[in-house]
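Asker: Here is my input, please return the structure:
(chains A, B, C and D)
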Protein chains: 4
Amino acid sequence: MIGKTTWAIPEGYIPGQSTGEGRALESHETISVLNPNDQDARMELTIFFADREPAGPYALTVPARRTRHFRFNDLSDPEPVPRDTDYASLLRSDVPVVAQHTRLDSRQPALALLSTIAFSE
Amino acid sequence: MIGKTTWAIPEGYIPGQSTGEGRALESHETISVLNPNDQDARMELTIFFADREPAGPYALTVPARRTRHFRFNDLSDPEPVPRDTDYASLLRSDVPVVAQHTRLDSRQPALALLSTIAFSE
Amino acid sequence: MIGKTTWAIPEGYIPGQSTGEGRALESHETISVLNPNDQDARMELTIFFADREPAGPYALTVPARRTRHFRFNDLSDPEPVPRDTDYASLLRSDVPVVAQHTRLDSRQPALALLSTIAFSE
Amino acid sequence: MIGKTTWAIPEGYIPGQSTGEGRALESHETISVLNPNDQDARMELTIFFADREPAGPYALTVPARRTRHFRFNDLSDPEPVPRDTDYASLLRSDVPVVAQHTRLDSRQPALALLSTIAFSE
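Answerer: Numbers count the residues shown, from 1 in each chain, chains lettered A, B, ... in the order given. Have a look, this model is predicted:
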């Protein structure tokens, strides 16, 4: 099987403002997960902060031979991710997957992007 | 030989709109492959989606001591990659290579860029 | 425990100019550190330059189950990091952590972003 | 010693146009190299292309406990790197170092950035 079962993303920040129109250009952060294997992946995402105990776990699933691009903006159970706040995230999966982190920032009229493969173990 | 034979890129999204002029500034995603070795690399690229079976394999080649920057926009056989759609990709090569993922996004008048070395095994 | 104890970031450059309003949009570089483990992390950051001996060490701490996003702009003890100057950084921690590097560049009216997981050993 | 002796960057492209003023905002690509060790690093950089034999080697040096951010735009011996042309690069060092790749793109009035730690072996 391809991938790893533990993925960490130290950088996290959802800008509270957007100038873009529509969901596609709203400021957001994403964890994109690829499950190229033949077994469904059940995952737990934990969100870390500077000054409080972690939030979560958030339950996520990526079926076999599928990809899901999860927006941190959309997480709600057990609680939403606060805007304009530094956070970090840790993903644990029961089968190997691959994870990448992306931010689309549209606080100003021209959007900005960042992305990196997450740290794996 | 330098490199790895399996490369994964969980993030994939070709914006359907562009404001730039010409091919260079058209919104696009690229997998850049370096083959620094003395043997040609024959590769298969598979595209994964959220809600359907994977597309491909797409046959790609990078000759010995060459680099090729493949645009996902240009893939057509066996089928084109849909725009404005989340996808992921997996590259398998018969000899070791190195792969990097880049997006140029010109949906707005100012372009944005992201790039990362892909995940390797 | 998750992570590594040595992290290196070759790229470093704090633009001396900003057009954004407020601290959030001021040009800055950040090292985001996640400590997902149950033991506080005590770290030393060293800054390298092109033409002089390294600066530091700067003492940093990330408590257990917390993240801290340190701005290079804010470092002052033993000395501030000069603007408009190439530098690099090396982080050593007494317990495993995960580190990511980000720059927000607002020299021009539209901000630009870069980010990458740091190199670990 | 910290680092690796072989670093690969598949993505390479120096935009032929710039709108920024001065050297800092000219479109450029950089390989930032950190040598945190106590021995000078003597390196050879090779540039790969799509349709011709590689260029180089370019001789580079980073003294002990120093960083150097080399612009591909500035390489001239044995030949300059062509603009608006896809390339890739491979760095070999006699002692371990750490390498990161960055592009500042100012083809449009708002600059864009990308960066990633290079692939190491």
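
Asker: Would you quantify the distance from the residue most central in space within chain A to A:Ile14?
Answerer: Nearest residue to the geometric centre of chain A (CA atoms, centre = their mean): A:Ile31, 2.8 Å. Separation of A:Ile31 from A:Ile14 (CB to CB, to the nearest Å): 12 Å. Where you see a C-beta, it was placed from the backbone N, CA and C, and this is true even at glycine.

Asker: anything in contact with each of these two?
Answerer: Common contact partners of A:Ile31 and A:Ile14 (CB atoms under 8 Å, 6 or more residues apart in numbering or on different chains): A:Phe72.

Asker: biggest strand in chain A, by residue count?
Answerer: Identified as the longest strand of chain A according to DSSP state E is strand A:87-105.

Asker: now check it, is it near chain C?
Answerer: Yes - figure legend: strand A:87-105 in contact with chain C (CB under 8 Å from any CB of the partner chain); contacting residues A:Tyr87, A:Ala88, A:Leu90, A:His101, A:Arg103, A:Asp105.

Asker: Closest one to D:Thr67 out of those residues, please.
Answerer: Nearest to D:Thr67 among the residues of strand A:87-105 next to chain C: A:His101, at 25.3 Å, using CB to CB.

Asker: How many neighbouring residues does that closest one have?
Answerer: For A:His101, the number of neighbouring residues by other CB atoms under 10 Å in any protein chain shown comes to 28.

Asker: give the contact list for it.
Answerer: A:Ile9, A:Glu11, A:Glu29, A:Thr30, A:Ile31, A:Ser32, A:Ser115, A:Thr116, A:Ile117, A:Ala118, C:Ser115.

Asker: Show me which residues of chain A are close to chain B?
Answerer: So chain A meets chain B at A:2-3, A:20, A:24-25, A:30, A:32-34, A:36, A:65-69, A:98-100, A:102, A:109-117, A:120 (CB under 8 Å from any CB).

Asker: One more pass at 7 Å, please.
Answerer: A:2, A:32-34, A:36, A:65-69, A:98-100, A:102, A:110-117 (CB under 7 Å from any CB of the partner chain).

Asker: Out of the residues you listed, which are close to chain D?
Answerer: Checking the residues of chain A next to chain B against chain D (CB under 7 Å from any CB), the matches are A:Ala110, A:Thr116.

Asker: Mind picking out the helix or strand in chain A with the poorest mean pLDDT?
Answerer: strand A:112-117 (a mean of 95; mean pLDDT, DSSP states H and E).

Asker: That strand versus strand B:87-105: what angle between them?
Answerer: Angle, strand A:112-117 to strand B:87-105, by axes from the mean of the first three to the mean of the last three CA atoms, to 10 degrees: 140 degrees.

Asker: can you list contacts of strand A:112-117?
Answerer: With CB atoms under 7 Å, 6 or more residues apart in numbering or on different chains as the test, strand A:112-117 has contacts from A:100-105, B:11, B:103, B:105, B:112-114, B:116-119, C:100, C:102, C:111-117, D:116.

Asker: And for stretch A:72-90?
Answerer: Applying CB under 7 Å, 6+ apart, the set of residues contacting stretch A:72-90 is A:8-10, A:12-16, A:28-29, A:31, A:45-50, A:55-56, A:58, C:32, C:34, C:36, C:67, C:69.

Asker: Show the buried residues in these.
Answerer: Among those, those scoring as buried are A:8-10, A:12-15, A:28-29, A:31, A:45-49, A:55-56, A:58, C:32, C:34, C:36, C:67, C:69 (criterion: 16 or more other CB atoms under 10 Å in any protein chain shown).

Asker: which residue packs closest to the residue located most distally from the centre of chain A, ignoring adjacent ones?
Answerer: In chain A, the residue that sits farthest from the middle, by CA atoms, centre = their mean, is A:Pro109; the gap is 23.9 Å. Nearest non-adjacent residue to A:Pro109, counting by CB to CB, 6 or more residues apart in numbering or on different chains: A:Thr19, 5.1 Å away.

Asker: Taking the residues of strand A:87-105 next to chain C together, which two end up most distant?
Answerer: Farthest pair in those, by CB to CB: A:Leu90 and A:Asp105, 22.6 Å.

Asker: need the residues of strand A:87-105 next to chain C in TSV with pLDDT, can you?
Answerer: Formatted as TSV, the residues of strand A:87-105 next to chain C follow (pLDDT from 0 to 100):
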residue	pLDDT
A:Tyr87	98
A:Ala88	98
A:Leu90	98
A:His101	97
A:Arg103	95
A:Asp105	90
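
Asker: Mind putting the residues you listed into CSV with distance to D:Arg83?
Answerer: Below are the residues of strand A:87-105 next to chain C laid out as CSV (distance: CB to CB, whole Å):
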residue, distance to D:Arg83
A:Tyr87, 40
A:Ala88, 39
A:Leu90, 42
A:His101, 31
A:Arg103, 30
A:Asp105, 29
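
Asker: Among these, pick out the one closest to chain C, please.
Answerer: A:Ala88 (3.6 Å; CB to the nearest CB).

Asker: What is the burial count for the closest one?
Answerer: For A:Ala88, the number of neighbouring residues by other CB under 10 Å comes to 28.

Asker: what is it paired to in the beta sheet?
Answerer: A:Phe48 (DSSP bridges).

Asker: Just to check, A:Pro63 is in contact with A:Asp40?
Answerer: Yes - between A:Pro63 and A:Asp40 there is a contact under CB atoms under 7 Å: 5.0 Å.

Asker: low pLDDT regions in chain A?
Answerer: Nowhere does chain A drop to pLDDT under 70.

Asker: again, only this time at 90
Answerer: A:16-25, A:106-111 (pLDDT under 90).

Asker: can you map out the strands along it?
Answerer: Applying DSSP E to chain A gives strands spanning A:4-9, A:28-35, A:41-49, A:55-62, A:66-71, A:87-105, A:112-117, A:119-120.

Asker: In chain A, which residue sits nearest chain D?
Answerer: Chain D sits closest to A:Ala110 of chain A, with a gap of 4.7 Å, by CB to the nearest CB.

Asker: Just confirm that residue contacts C:Ser106, I think it does.
Answerer: No - under the criterion of CB under 7 Å, A:Ala110 makes no contact with C:Ser106, lying 11.1 Å away.

Asker: quick one: the residue nearest to A:Pro109 and C:Ala59, what's the gap?
Answerer: 39 Å.

Asker: These two: which is more packed in?
Answerer: A:Thr19 (14 against 11).

Asker: can you tell me which residues contact the more buried one?
Answerer: A:Ser106, A:Arg107, A:Gln108, A:Pro109.

Asker: cool, A:Val97 as well?
Answerer: With contact set as CB under 7 Å, 6+ apart, A:Val97 has these partners: A:Gly3, A:Val33, A:Leu34, A:Asn35, A:Ala41, A:Val62.

Asker: run the last query once more with 8 Å
Answerer: So A:Val97 contacts A:Gly3, A:Lys4, A:Thr5, A:Trp7, A:Val33, A:Leu34, A:Asn35, A:Asn37, A:Ala41, A:Met43, A:Val62 (CB under 8 Å, 6+ apart).

Asker: Compile those residues into TSV and extend it with columns for distance to C:Ser76.
Answerer: Formatted as TSV, the contacts of A:Val97 follow (distance: CB to CB, whole Å):
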residue	distance to C:Ser76
A:Gly3	42
A:Lys4	38
A:Thr5	40
A:Trp7	34
A:Val33	39
A:Leu34	42
A:Asn35	45
A:Asn37	48
A:Ala41	45
A:Met43	40
A:Val62	44
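
Asker: Much appreciated, bye for now.
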